[in-house]
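J.: sequence first, predicted model second:
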Amino acid sequence: MASTGREHSRTCQGDTDPAAPRHLDNPSAPDAGSDAPERVRQPVHLARRLRHPRAMTKWSLGLTALLAIGSLSREAAASPAVEGTRNLSLGAARSSSFGTNGALLNPSVVPFSKVFAVEALYQLDLKSRTNGVGAVIVDSLINPRISIGLGYLFMRGAPTVNYLTSGGEERELELSRFGHEALASIAVVAVKNWWSIGLKPKYQYTSLRYRDDDGRAHNAHDRLNAFGLDISSSVNFAGWAVASVVATNLTGNHNPAFTEERDITLENVDVMEGTIDHGTVSAVSDYPLTVAHGLAVFPLHSPDFSLNFDGVYDFTSFRFEDHTRLMYAGAAEYVLGPVPIRLGTLWDGRGSRGDDDRFYVSGGLGFVKPAKPGGVGVDVGFGFRQQVTGPDRDTFLGFNLGLRLHPDL
């Protein structure tokens, strides 16, 4: 949900007037027999796999190899599959993501906009067939010093890998990607109208599983089952700009499912060594340790028009090669009457060689009706992010439907 619109035209300046069937994650799942998702398919593009030295050794007799590595490409900050529609549309915008988007991305910015909101979210990654749904409630209205949010996010995906059997037959195996996150967002105003501090304790779980040749379920990657913690701090420069720093997954961070040095685990599957291509499995961590900074500038001294600049440093996804993943985003939002218009760009630097870097364009529209005292408003939005450079072009879509409440206390 985007906390934009004329209800907030004074809040960044410090005015607190609010008028403005079974699945593979089941470890006890019985044998599936013929229901196993593995299937034989026609040969696909194999040349890129040959670039790896280990693969060259295995394929010196002239056999071709598997698809290039593909991954879910997203901002490393929020849930792996639910970023928030506004965040998706703008490539993050940490310092102007008020309301529910702030609860997901940067809790410390929430107190700068007074809102009581309940929101349902949906996000789809087309390439890896990953669906994310969530529900978030945020209150920065009732208590001027403390803002609180609660949320639950769920993820279900079906990525695929390709490989050759010991007999040289090419096959595709469908995996089950599953996860959920329960979070609490807490922000405290340290200096009224100027400085706030945020915490986001959360419980997070992810798994990546498959069925073997006998139909039994196995882990393709270590499960994450841990408590995580994000911290953030934001400074409001008299309503003209907001600067933020956010650290995510200080606890509960998790390595990616595979690296160039380590394949995913496929036990009891007839796989020729060195032939696994990770297809649409994410090459980055679901929950990396990151540090991010954001700057939002309000040229009209109002949240109705914002220019946003963000940077993210992922210390987990490419740790195996002593490389820090870098992501930089720039975006703008303009609210025309009840309609916020959003445009953004995102550059994602993958790996130390630079041959896997990606560039995205994003955008979105919404309809925002503020809540009057004692009344109810609405926030409906759509957003997208489209990869335009780099391998394995991907598309993300997001939707939200929210209610804005204004208890007449």
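T.: Sure thing, it's come through.

J.: how about stretch 226-238, which residues are buried there?
T.: Taking 16 or more other CB atoms under 10 Å as the neighbour-count basis, stretch 226-238 is seen to contain the buried residues 226, 228, 230, 231, 232, 233, 234, 235, 236. The way it works is simple: take the backbone N, C-alpha and C, and place the C-beta from them, glycine included.

J.: over to stretch 287-301?
T.: 287, 288, 289, 290, 292, 294, 295, 296, 297, 298.

J.: show me what contacts the last one?
T.: Pointing back at residue 298 there. Contacts of residue 298 were listed using CB atoms under 8 Å, 6 or more residues apart in numbering, and they are 12, 96, 239, 240, 241, 305, 306.

J.: contact partners of stretch 344-351?
T.: By CB under 8 Å, 6+ apart, the list of residues contacting stretch 344-351 reads 73, 75, 89-93, 283-284, 308, 318, 321, 323, 325-332, 356-363, 385, 390.

J.: which among the contacts of residue 298 end up buried?
T.: 12, 96, 239, 241, 305, 306.

J.: which helix or strand lies directly C-terminal to the lengthiest strand in the chain?
T.: The single longest strand within the chain, with elements called by DSSP state E, is strand 217-236. Next along the chain after strand 217-236, taking DSSP states H and E as the criterion, comes strand 241-248.

J.: contact partners of the helix or strand hosting residue 402?
T.: Per DSSP H and E: residue 402 is located in strand 395-405. Applying CB under 8 Å, 6+ apart, the set of residues contacting strand 395-405 from outside is 1, 74, 83-86, 88-89, 100, 115-127, 364, 369-371, 376-387.

J.: tell me the buried residues in it?
T.: In strand 395-405, the ones that count as buried by 16+ other CB under 10 Å are 396, 397, 398, 399, 400, 402, 403, 404, 405.

J.: and that strand, how far from the chain's centre?
T.: Relative to the mean C-alpha coordinate of its chain, strand 395-405 is positioned 14 Å out (CA atoms, centre = their mean, to the nearest Å).

J.: so what's residue 287 up against?
T.: Neighbouring residues of residue 287 by CB under 8 Å, 6+ apart: 80, 204, 206, 224, 228, 248, 249, 252, 253, 254, 316.

J.: the fifth one and residue 199 touch, don't they?
T.: Going back to what we said before, that points to residue 228. No: with contact taken as CB atoms under 8 Å, residue 228 and residue 199 are classed as non-touching, separated by 11.3 Å.

J.: so which of the buried residues of strand 395-405 comes closest to residue 143?
T.: Among these, residue 405 lies closest to residue 143 (CB to CB), at 14.8 Å.

J.: just the pLDDT for that closest one.
T.: Looking at residue 405, its pLDDT stands at 94.

J.: who does it form a beta bridge with?
T.: In this entry, residue 405 is beta-bridged to residue 116, residue 376, by DSSP bridges.

J.: quick one: it from residue 241, how far?
T.: For residue 405, the distance to residue 241 under the criterion CB to CB, to the nearest Å works out to 29 Å.

J.: repeat that for residue 176.
T.: Residue 176 sits 44 Å away from residue 241, taking CB to CB as the criterion.

J.: thought residue 318 was touching residue 354?
T.: No: using CB under 8 Å, residue 318 is not in contact with residue 354; the gap is 11.7 Å.

J.: more neighbours: those two, which one.
T.: More neighbours surround residue 318 than the other of residue 318 and residue 354, with 23 against 8 (other CB atoms under 10 Å).

J.: what about the helices in this structure?
T.: Under the criterion DSSP state H, helices of the chain are mapped to 53-58, 85-90, 99-105.

J.: rewinding a little: which neighbours does the longest strand of the chain have in its sheet, and in what orientation?
T.: strand 195-211 (antiparallel), strand 241-248 (antiparallel).
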